[in-house]
Every structure is written in C-alpha cells, then in structure tokens.
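> coordinates only, sequence not included:
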C-alpha cells in the first residue's frame with residue numbers, strides 16, 4: 001500500500017510539474033505573441049538593375065519546405081516523428097534548392113516556407129542563402145514568428161521565424177504584407193502561423209503595374225473553414241487590383257487540391273487535411289496556371305517512396321484576363337529537397 005501511495009504521489013508531482021511548464025509556456029507565448037497589423041509595408045532589398053521592359057515573363061513558384069522536408073524527412077503533425085531537421089540535411093537540401101534555381105532561371109521567384117532564424121533548421125538564414133541566385137529585388141514577409149513552440153514535448157520545435165519571399169529581376173516599387181482573416185482557437189493560435197499574403201508591385205512600360213500576390217493559406221484546417229475565409233479575401237483583393245487596370249498574378253501553395261481525380265500512382269490513404277479547392281472562388285475571365293504533368297506536393301507522414309506516398313497538385317497560379325498563359329510546367333524533382341515540387345509559368349502581358 002505504501003509503495004502504491006508513493007507511486008501516486010510521484011505521478012502527481014510529475015503531472016503538477018508538467019502543468020506548471022505548460023502554463024508557463026502559454027503565458028510566455030501570450031506575452032510575446034507576434035501581432036502584425038492588418039496591412040504593413042515591407043522593406044525591399046534593392047539589388048535589381050533592370051526595369052520591366054518586355055511583355056513575356058517566366059515566374060517560378062516553390063514552397064521550399066524550410067529546407068527541412070526533402071525526401072528523407074517526415075513531420076510530426078502529419079503522423080511522422082520529426083520536428084527538428086538534422087543539420088546535414090538542411091545543408092544538402094539548401095544546396096540542392098540553390099542548384100535548381102540557378103539552372104531554372106526566372107524573372108520572378110515566389111517562395112513559401114523560408115526559415116530565417118529557426119531552431120528546427122539550426123538558425124540558418126535561408127533568405128540570405130538564396131540571395132546567391134543573383135541580383136534580384138527581394139521582399140520578405142513573416143507568417144510564422146514564435147519564440148518557443150513546445151511541441152512535440154520530448155523534442156520541441158522551439159523558436160521559429162519564417163515567411164514568404166518574392167524575388168524580382170526588375171525593380172519592385174512597393175511591397176505590402178496583408179494579414180489573412182481567420183485564426184485557430186486559443187491557445188493553439190499562439191503557436192501557429194499568422195497567415196498572410198505578400199503583395200508586390202512592378203511598374204510596366206505602359207504605366208500599368210504587375211501585381212504579384214504570393215500566398216500560403218492555412219493547412220491543418222478541418223473542413224477548410226479558415227481557407228474559405230482566406231481565399232475570399234485573396235480573390236477580392238486580386239479583383240480590385242485588376243479593376244484598376246493592373247496585371248495580376250496569384251501564385252503559391254494553395255493548400256487545396258486543384259484536381260479531384262487521382263492523377264498519380266500511390267497506395268497511401270489520402271490524408272484528411274487535403275480538400276478540393278472550392279469552385280466558388282473562380283473570377284470571371286481569370287485563368288488557372290496549373291498542370292497535371294507531375295505532382296507538386298506529397299504526404300509527409302513518412303519519408304517519400306515513389307508509388308506509395310500520397311501525392312497531388314496544390315501549387316500553381318491564377319492570372320487576370322489581361323495576361324496570356326504561354327506554358328505551365330510542374331518540375332518533377334522527386335521531392336528531393338522539399339515536400340513540394342516547383343511550378344514554372346511563362347506568361348505574356350497583353
């Protein structure tokens with residue numbers, strides 16, 4: 001009986017310590033919670049030397065998965081085990097990403113999930129690393145800024161600073177961060193992403209503007225409730241810009257499937273988080289810059305195995321009626337460096 005009583009006391013003490021730890025973490029997160037304004041100006045790193053003096057452009061979109069979700073990795077929120085990426089893999093994935101970008105030259109790059117100061121990727125500033133691709137104007141907006149993420153409990157993700165970046169060979173005249181509507185319930189929202197879009201403006205020769213919306217709506221959103229609010233906001237903003245006479249390109253990781261049919265071979269059961277992009281977000285005369293030639297995203301419940309891992313298409317573009325899409329290609333990299341494959345689109349401004 002005495003042994004049993006001691007065990008109960010020991011468990012009670014451990015439980016009390018855990019509750020104290022958890023309460024302290026939540027209080028700490030609440031005090032230092034990142035609270036951006038609804039609209040914020042974004043500082044532009046000015047290195048581009050050219051002006052947009054042509055009407056054909058190549059735009060390259062890639063969620064690089066913070067150089068931590070290549071083919072060898074899984075992720076704990078998707079049923080895997082890992083939150084922290086081995087430093088060796090971060091280096092390998094980053095070098096591979098840079099090699100692809102140098103090989104596939106583009107006028108404009110849209111990136112999602114770039115770590116700039118995160119424990120999970122050993123504080124490597126990936127934005128600075130990617131500047132090696134050349135002289136581009138660069139705009140960066142945070143969408144994840146938490147001093148300490150306490151999960152998974154035995155090996156927590158810790159500090160995360162990450163976001164979206166747009167690189168342009170031509171001078172960016174303005175960049176703004178727009179907060180997207182909707183958030184998770186408290187206290188989960190303290191440790192989740194603050195979803196946003198990054199809007200950049202590039203003046204064209206006919207005195208119009210090429211407006212780029214770099215997007216990454218919510219994931220882990222059961223039923224797509226948050227995504228619906230966010231996509232409505234994105235489409236309204238895009239429509240308003242087009243009605244001003246501008247060229248508008250929306251690009252990024254939509255976190256929604258573009259095709260309902262099974263396009264590629266896999267044996268894994270489709271994860272619940274994947275939902276079809278709702279039809280109601282279509283705008284009159286706008287065109288999708290998407291392709292079925294290769295998948296753009298994989299499940300990260302386990303390391304990638306071709307033919308087994310669930311794959312789909314959730315990355316691409318949506319362009320205004322005054323833009324002609326010349327070509328769209330999903331680059332089949334076998335998810336070597338990220339859980340996403342890039343999408344390259346060639347367009348003509350009418």
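That came through fine. Keep in mind it's a predicted model, so treat the numbers as computed, not measured.
> Residue 244 is in contact with residue 201, correct?
No - in this structure, residue 201 is not within contact of residue 244 by C-beta atoms under 8 Å, at 10.8 Å. In this view, the C-beta of every residue, glycine as well, is placed from N, C-alpha and C.
> Which strands border the lengthiest strand in the chain, and is each parallel or antiparallel?
Ranked by number of residues, the top strand in the chain under DSSP state E is strand 137-149. With DSSP bridges as the test, strand 137-149 is paired with strand 44-45 (antiparallel), strand 158-168 (antiparallel).
> what about residue 270, distance to residue 260?
For residue 270, the distance to residue 260 equals 11 Å [C-beta to C-beta, to the nearest Å].
> And these two? Which one has more around it.
More crowded of residue 270 and residue 260, by other C-beta atoms under 10 Å: residue 270, with 12 against 8.
> residues contacting the nearest residue to that one once chain neighbours are set aside?
Leaving aside its chain neighbours, residue 270 sits nearest to residue 310 (5.6 Å; criterion: C-beta to C-beta, 6 or more residues apart in numbering). Taking C-beta atoms under 8 Å, 6 or more residues apart in numbering as the contact definition, residue 310 lies against 266, 268-271, 274, 298-299.
> so where's the stretch 51-200 of the chain shaky on pLDDT?
Residue ranges of the stretch 51-200 of the chain with pLDDT under 70: 184-186, 190.
> Ok, the stretch 201-350 of the chain next?
Residue ranges of the stretch 201-350 of the chain with pLDDT under 70: 280.
> quick one: the helices in it?
225-243 (DSSP state H, counting those that start in this stretch).
> wouldn't residue 191 be in contact with residue 150 here?
Yes - the pair residue 191 / residue 150 is scored as a contact, 7.0 Å apart, by C-beta under 8 Å.
> between the two, which one's more packed in?
When neighbours are counted by other C-beta under 10 Å, residue 191 comes out ahead of the other of residue 191 and residue 150, with 21 against 18.
> Could you pull up the contacting residues of the closest residue to the more buried one other than its chain neighbours?
Leaving aside its chain neighbours, residue 191 sits nearest to residue 149 (5.0 Å; criterion: C-beta to C-beta, 6+ apart). The contact partners of residue 149, by C-beta under 8 Å, 6+ apart, come to 156-160, 191.
> which among those residues end up buried?
156-158, 160, 191 (16 or more other C-beta atoms under 10 Å).
> Residue 201 and residue 244: which is more packed in?
Using other C-beta under 10 Å as the criterion, residue 201 and residue 244 rank with residue 201 on top: 17 against 10.
> all strands of the stretch 101-250 of the chain, in order?
Along the stretch 101-250 of the chain, counting by DSSP state E, counting those that start in this stretch, strands occupy 108-115, 137-149, 158-168, 174-179, 196-203, 209-215, 247-253.
> that older thread, quick check: the residue nearest to residue 270 vs residue 335, distance?
Separation of residue 310 from residue 335 (C-beta to C-beta): 12 Å.
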